[in-house]
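Asks: Return atomic coordinates for the entry below.
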Amino acid sequence: MRTTVERFDNREWSDEQLEALFADGFPAFITADQDAKRYIERVRDWFPHLDIVLVDEADAPVATGWGVPIRWSGDVGDIPAGYTGTLRRAVELYEVGEEPDTFVICGGVVHPGRRKGSGLADALIVGLCQLADTAPWPRVIAPLRPTLKHLYPLAGIDDYAAWSRDDGAPFDPWLRTHVRLGGRVISTAPASQTMTGTVAEWEAWTGMAFPATGDYVIPDGLSILHIDRAADLGVYVEPNVWVRHR
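Replies: Now for the predicted structure:
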């Protein structure tokens, strides 16, 4: 499939196009990260040039991704705690006017009807990495949300990231795609995001009932959800895997 890359805000997209693109993107609870909400509007205002879309021959959006610039020494010990920590570092760096040296890929979505055999995931990753070339920023990293981790929510993220197939490639398809394109796993982010909500909110987000205090496996959850009925609170901590492209 031949595609072109452009800024997401270069034009107006119809509701139908956006609904189709994001139809199978992320679970509803992904927006329940209260700390991330403190930064996301400033990220959108300050870094729209780092939000790209792939457009097919019919002028339809078929993939999209975005990221933020930060300063990072290159040492694993200096890497942000995960997705939310990345947003915080990007916003704080911008506010003090310091120059970034690292591009962090924060998210990517491929149209659910265009995933198999289209090469769009590869094209999206390449397009995002190329954003660093124009800055130029010498490093590109990403806190990845592994595609199949939700099938193994009880497995620790360190163990999961180390799983491999018989050919030595990473077990997880999303990690495997990044590694095939030159990325390498450098660390994990056990607490990349923390999502909180009331019991009723979690029941709405998951389609489940939580009749008692305890730990629950939830649809699309990469780890477990802890429900505290007395406090009317559910807390879910999501892990990610850090990959470095350059």
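Asks: low-scoring stretches of this protein, by residue?
Replies: 1, 117 (pLDDT under 70).
Asks: And the strands in it?
Replies: 4-7, 51-55, 61-70, 102-110, 139-144, 184-197, 214-216, 225-228, 233-244 (DSSP state E).
Asks: could you dump the ones you listed to TSV with distance to Gln130 and mean neighbour count?
Replies: In this view, the C-beta of every residue, glycine as well, is placed from N, C-alpha and C. As requested, those are arranged in TSV below (distance: least, Cβ to Cβ, whole Å; neighbours: other Cβ atoms under 10 Å):
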stretch	distance to Gln130	mean neighbour count
strand 4-7	8	14
strand 51-55	9	22
strand 61-70	11	24
strand 102-110	10	24
strand 139-144	9	24
strand 184-197	19	19
strand 214-216	41	14
strand 225-228	37	18
strand 233-244	16	22
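Asks: Is it possible to get a markdown table of those strands that adds distance to Leu131?
Replies: Formatted as a markdown table, the strands of the chain follow (distance: least, Cβ to Cβ, whole Å):
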| stretch | distance to Leu131 |
| --- | --- |
| strand 4-7 | 9 |
| strand 51-55 | 7 |
| strand 61-70 | 7 |
| strand 102-110 | 6 |
| strand 139-144 | 8 |
| strand 184-197 | 20 |
| strand 214-216 | 38 |
| strand 225-228 | 34 |
| strand 233-244 | 16 |
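Asks: closest one to Gln34 among those?
Replies: strand 184-197 (5.9 Å; Cβ to Cβ).
Asks: could you check the angle strand 233-244 makes with that closest one?
Replies: Strand 184-197 and strand 233-244 are oriented at 160 degrees to each other (axes from the mean of the first three to the mean of the last three Cα atoms, to 10 degrees).
Asks: Need the residues that contact strand 184-197.
Replies: For strand 184-197, contacts defined as Cβ atoms under 8 Å, 6 or more residues apart in numbering pick out 29-30, 32-36, 76, 79-85, 141, 143, 156-158, 161, 170, 175, 179, 205, 233-244.
Asks: Paired strands for that strand, with orientation please.
Replies: strand 233-244 (antiparallel) (DSSP bridges).
Asks: what comes into contact with stretch 14-32?
Replies: Contacts for stretch 14-32 (Cβ under 8 Å, 6+ apart): 13, 37, 60-64, 109, 111-113, 145, 193, 195-197, 201-202, 204-206, 218-221, 236.
Asks: Indicate which one of the strands of the chain is closest to Leu151.
Replies: Taking Cβ to Cβ, strand 233-244 is the member of the strands of the chain nearest to Leu151, at 14.1 Å.
Asks: Now do the closest one: distance to the chain's middle.
Replies: 10 Å (Cα atoms, centre = their mean, to the nearest Å).
Asks: That one versus strand 139-144: what angle between them?
Replies: Using the same axes, to 10 degrees: strand 233-244 against strand 139-144 is 150 degrees.
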